[in-house]
Structure formats: structure tokens, C-alpha cells
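Please work out how this folds:
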Amino acid sequence: MKKNLITIKEFIDQSIGEWKSIRSTHTLAFQEFENTNASLIISYKNIESKKVLEIKNRFKFAKNISFAIQISWKSMSEWPTENKSQESNTILIFIPEDEYTGTLIKDKGYVEQIPSSSRYIMDESNTFNIETEYNSTISEEKIWFLSENVRSRYSVIKSKINKGILQTSHATEIRKIII
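The predicted model follows:
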């Protein structure tokens, strides 16, 4: 069955490029939602670069790094009380167990802006699944391709204490095509 799956490397190869993201976030505890538009750039990062080695050393991983990527973004929130612009980037380092599963280390997390370590798996539907345990929350993300140039991303953030769902979000990401 696994021979029909794409590997994590193939998934990332398909993800490299510039994307427009349209995201809706639902904060359940406060019954609020936020819409965000963003531009994303996903690119490979040299595994021997100073920043990648700093992150690897912080986590004290003896295993070999397969590859690393950088995700940079500029976003504009449509939060009801104010429009908020934000710009940042993060580095993700892939340490595989096999072609479909492994550990992902990041210089800053998706939910809590701290260095984090995640488990990842490519499942039977070619969905990239990431689970991260932070100090007070657990994040579950799923990313899959709807077509060659359209990705979908879904996340759930849960309380670490009682596993209650705090927030959900869904993003549609459209590749910028240069003609």
C-alpha cells in the first residue's frame, strides 16, 4: 500500500514556491473568528547553514538531518477591532524515521512561539500530518494538495490539560504561477 504514497520529500518538493494563503481561524472559547490573508514563501535551507545547525544543536539530535526548509510569510489580519500586519519566518528541520514518518524540529512553533519538536507522518491519503506538544497546548495540523497548485491546511489546537478544543483554523493556499 505504501508504494502509492508520496514521500515527505516529494510532498515538500511540491510545496516549494510562493503561495497566497486565505485562512479562517475560529477561537471557540470566545466564540470569535478571524480572517487572514498572507503571502508565503517556502524554500529549501542548506542543512549546513549556521541557523540550521543552531536549531539542531539546541535539540541535541544525533540523527542525521534529511533536509530543512524555511517558511517566510507576510500576513494581514481582518480582526474586528484592528487590521494587523505581521511578517516572520521559521525554519523546519526534517529528521526521518523512514520516507513517510519522522521528527520535525522548528525554531519557533505554530501555536506557541518557542522552539518545538513535532511528530510527522504522510498518511494513505497523501496528507502531511504534524502533531506538536507545546508547554500548555497540543497542535494537530493536516496539509494536503487539492491540485498541483492548491493546498489545504487544517489545524486544531487543544488544551494540554484536558484536551479541550481551543481553536480551529482552515487555510486554502494557492501557488503563485509566473507566466
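
you'd agree residue 89 is in a strand?
Yes: counting by DSSP: H, G, I helix; E, B strand; the rest coil, residue 89 is found in a strand.

what about this structure, any weak spots by pLDDT?
For the chain, residues meeting the criterion pLDDT under 70 lie at 1-3, 61-62, 79-83, 109-112.

Would you check how far apart the residue sitting furthest away from the middle of the chain and residue 133 are?
Within the chain, the residue lying farthest from the chain centre (Cα atoms, centre = their mean) is residue 179, at 27.5 Å. Counting by Cβ to Cβ, to the nearest Å, the gap from residue 179 to residue 133 is 43 Å. All C-beta atoms are positioned from the backbone trio N, CA, C, and that covers glycine.

now residue 95
For residue 95 relative to residue 133 (Cβ to Cβ), the value is 16 Å.

out of the two, which sits in the more crowded spot?
Between residue 95 and residue 133, counted using other Cβ atoms under 10 Å, residue 95 has the larger neighbour count: 20 against 15.

Look up the closest residue to residue 175, ignoring the ones flanking it.
Nearest non-adjacent residue to residue 175, counting by Cβ to Cβ, 6 or more residues apart in numbering: residue 149, 3.9 Å away.

what number of residues lie near the one you found?
Neighbours around residue 149, by other Cβ under 10 Å: 14.

Let me know whether it touches residue 178 as I believe.
No: here residue 149 does not reach residue 178: they are 11.7 Å apart, not a contact under Cβ atoms under 8 Å.

how about the helix or strand hosting residue 56: buried residues?
Applying DSSP states H and E as the criterion places residue 56 in helix 50-59. By 16 or more other Cβ atoms under 10 Å, the buried positions in helix 50-59 come out as 52, 55, 56.

again, but for stretch 127-143
127-130, 132, 134, 137-143.

Closest one of those residues to residue 12?
residue 128 (8.5 Å; Cβ to Cβ).

ok, now which ones touch the closest residue to the closest one other than its chain neighbours?
Leaving aside its sequence neighbours, residue 128 sits nearest to residue 143 (Cβ to Cβ, 6+ apart; 4.5 Å). Residue 143 makes contact with 127, 128, 130, 151, 152, 153, 154, according to Cβ atoms under 8 Å, 6 or more residues apart in numbering.

try residue 148
Applying Cβ under 8 Å, 6+ apart, the residues near residue 148 are 14, 175.

what does stretch 129-137 rub up against?
By Cβ under 8 Å, 6+ apart, stretch 129-137 touches 104, 109-112, 114, 116-123, 138-143, 157-161, 166.

let's see 6 Å
Around stretch 129-137, the neighbours that count as contacts under Cβ atoms under 6 Å, 6 or more residues apart in numbering are 109, 111-112, 116, 118-121, 123, 139-142, 157, 160.
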